[in-house]
Structure formats: structure tokens, C-alpha cells
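# Provide a 3D model corresponding to the input given below.
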Amino acid sequence: MENVQKLNVAQKTIVGIQFLFVAFGATVLVPLLVGLDPSTALFTAGIGTLLFHAVTKGQIPLFLGSSFAFIEPINKASALYGMPGVMGGVIAVGVVYWLVSSLVKWKGISLIKRLFPPVVIGPVIILIGLSLAGEGVKMASNNWIVALIALAAAVVISIVGRGLIKLIPVFVGIAVGYIVAIPFGLVDFAPIVEASWFALPQFVAPKLSWGAIIFLAPVAIAPVIEHVGALYALNGVAGKDFVKDPGLDRSLFGDGLACMTAGIFGGPPVTIYSEVTGAISLTKVVDPAVLRIAAVTGIVFSVIGKVSAVLKSIPECVLGGIMMLLFGTIASVGITTMVNEKVNLGETRNIIIASLTLTFGIGGAIFSIGEFSMTGIGLAAVIGVALNLILPGGNKAEEKLEN
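You can find the predicted model right below:
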């Protein structure tokens, strides 16, 4: 690895801003899709990243941004319990991270592998993508020409892009779609002109809602496993063992603290961005200080009123075009997870777990007790974990996983 200490302050700042843009498109896309202020998401991503670095002793070069896993659950929970209730649920997501962190500290990573093997997490990730596919098509249908151009731009960058540009297909696709949408009269510049240069994000105070907590907390299973995988990937890129020092338990605790902070201020739950790990691999810059610069830059952007106004003016069809690629990609990651981990779908046990997880999630099943209800990704995740623990043959699967 290149010795990052050779970079001066100006160079670190430039690289840090580049890293922010690697995560920028996805970070602001999530709040736009769930009815939250994108500036709030930038603010909470920045604050959350700084808190994560504080908990992990400033040793891990990571950036935390909005999590796609919670788009569908937030949309449904907000309709049932209101956005303040949703924020209470987001805080509970952070508590789940803390619980898993405690389990890791107590029993080690082996317990996590037993609870969340690939046969469970793969279908849950697939479900995250498929549950949002219809919404993407619906939004794109408002103007298929613009949507497909935005989609094509993202696809082209993903395939033929070089360097850092290859890592920001979402950002480029949104930018191209935005420009193309202007002649179609789809962009309203009035709010941008009227917006002040300085404006605080639109914070949402959390409210205790047990229904929203039950709705959102189980969904944390997917990003928790993603967190573990991303940290192992970063080990290889940085040439260090962050799982041991400062420790996976600290990393999970830091991510949980960031999620809780997001809920307190009114932002979506955050998670580790693998795209940033790719940028680190490309640039050979592994200094965590660079990621803290990215976090501070995000906070600065969050209080620039014009930035928020521009983000809110992005046409729905542009977002829809990008979603069609993005959420299909998420579903593909779930499939890849099971393939790479050699999950044998010829075994009845595995077929049952995967099938019921997908069926309950996609089918819209609702489990209710009194005023509380669980549905969608959260319900599917709980069912997958329960089946994995209950059905015979789990010990054999666990032994294969350990090997």
C-alpha cells in the first residue's frame, strides 16, 4: 500500500471529497425515496461516520451512508406510525447492532455465522431488491425516455468507466438524467432560486412506537451481515486485520451508534459502503483521516440550502431509472452470496428456508398481535433465522461454513 502520510492536507482533502461522491448518490437517493430530507441524510451520514471513527479509535477507513435495506420498511412503517415513530424504530435498529456487538464480544464471530448463514442472508438480500423493483418501474414510467437515458448512463459507466468514475455510476446516472430532463420541462428551478445558501436540514424528532420498532428492528439482520462482510473485505484491501484490532465488536457498536444518531436527528439508518472500500483499493489511500474529511464535507453540504433544493428537484423518472439497475443489482448480490458460499439448494432444508423467506416477504404476509404487526423484509428475516435454527441439519451446514 502507498504510504498515505506522503499526502499533504490539500491532497487528503481532495481525496476525501472524492470518497464522499462515491457514496453521495446512494446516500441521497434513500431519503428521496422515503420522504426524508436528503440534507438530513448527508448530515447524519457525516455525524455517524465521525462517531464510528471515535468508537473504533480512528483506525478503520470507512464511511457510513444511507442503507437501502430500509426503504420498503420505512415507507410502510411511516404510513402506519408516522415519521416520528419511524425514527424511534431507527434508534431500535442501532440497539440491534449493539446486541450483535455484545454477542460477538461474548461468543465470537462463530455465533453470528450460526445465526445468519448464507442460506438465510442470501434470500433476505434478494428480497430487499425485489421488493423495490415495482416501485422503480412505476417511477420510471412517468417518462420512459428520460428514465432509460439515466439508466443507460449508469450502465455504461459501470461497464466501461475507469478509475474513480467507475465507482460512481449512480451519481453519473442521476446527473445525466437530470440534464436530459431539463428540455422535457421536468425540472422546476424556482425552488432552487428561492432557496437560501445556508439552511439547516429538516430534523425529525423521534417518538416511541413499539409497532415501528417491531417493524424495523428485524430488518437490521441484513446490514449487520453486510457490515461483517465489508470489514473482512477491507482487511484485504488495507492489509490489516480490523476484525481483531480495534475489533468487530467495536465496529458493530460504532455502526449502531451511528444508526441511533440518525434516528435522533431524523435520517435513515446508515451502513458501511462497499463502494468506498473499492475507492480505497483503487487509490491505495488507507488513512482513516481521509474518510473523516469526507464526513465533514457531507456535513458542510447538508447546511447549504441550494444543495438540498437541487436534490429535491431531481425528477421522479430519473430516480426510477436508476432504481431499476440498483435494486436489480441488490437482488443479484443475494444470489451471488449463496453461489459463492456454495449453498446447496439441492438440499430440502435449504430449499425450505430460501423458499419460505422469499414467499413471506414478497407475498405481503402480515403477522399481527394486538396493535403490533410485522411484515415484509423484517418478517422474512425472522422466519429465515427461525427456520435455520429449528430445521434439522443445521449443525452440518454450520460445519461446512466453518470449513
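# and residue 176, what does it touch?
149-150, 153 (C-beta atoms under 8 Å, 6 or more residues apart in numbering). Just so you know, the C-beta spots here come from the backbone N, C-alpha and C atoms, and that holds for glycine as well.
# That should have said residue 357, apologies.
By C-beta under 8 Å, 6+ apart, residue 357 lies in contact with 120, 123-124, 127, 380-381, 383-384, 387.
# switch to 6 Å and redo it
123, 380, 383-384 (C-beta atoms under 6 Å, 6 or more residues apart in numbering).
# Before we move on, what's the pLDDT of it?
You'll see residue 357 listed with a pLDDT of 92.
# Tabulate the contacts of residue 176 in a markdown table, adding columns for secondary structure, pLDDT and distance to residue 302.
What follows is the contacts of residue 176, written out as a markdown table (DSSP: H, G, I helix; E, B strand; the rest coil; pLDDT from 0 to 100; distance: C-beta to C-beta, whole Å):
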| residue | secondary structure | pLDDT | distance to residue 302 |
| --- | --- | --- | --- |
| 149 | helix | 96 | 29 |
| 150 | helix | 94 | 24 |
| 153 | helix | 94 | 26 |
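# least trustworthy position among the contacts of residue 357, going by pLDDT?
Comparing the contacts of residue 357 by pLDDT, residue 380 comes last, at 87.
# Residue 363 is in contact with that one, correct?
No. Contact criterion C-beta atoms under 6 Å: residue 380 and residue 363 do not qualify, at 9.4 Å.
# tell me the centre residue of the protein?
The chain has residue 67 as the residue nearest its centroid, 2.2 Å off, counting by C-alpha atoms, centre = their mean.
# which SS state does residue 345 fall under?
Secondary structure for residue 345, judged by DSSP: H, G, I helix; E, B strand; the rest coil, is coil.
# switch to numbering from 28
With the count now opening at 28, the last piece we talked about shows up as residue 372.
# What count of nearby residues applies to it?
Residues near residue 372, counting by other C-beta atoms under 10 Å, number 14.
# which residues does it contact?
So residue 372 contacts residue 378 (C-beta under 6 Å, 6+ apart).
# Which helix or which strand is home to residue 87?
Here residue 87, judged by DSSP states H and E, is contained in no helix and no strand.
# before we move on, the earlier item: just want to know which of residue 407 and residue 390 has more residues nearby.
Taking residue 407 and residue 390 together and counting by other C-beta under 10 Å, residue 407 has the greater number of neighbours (31 against 11).
# measure the more buried one to residue 177 for me?
Residue 407 sits 30 Å away from residue 177, going by C-beta to C-beta, to the nearest Å.
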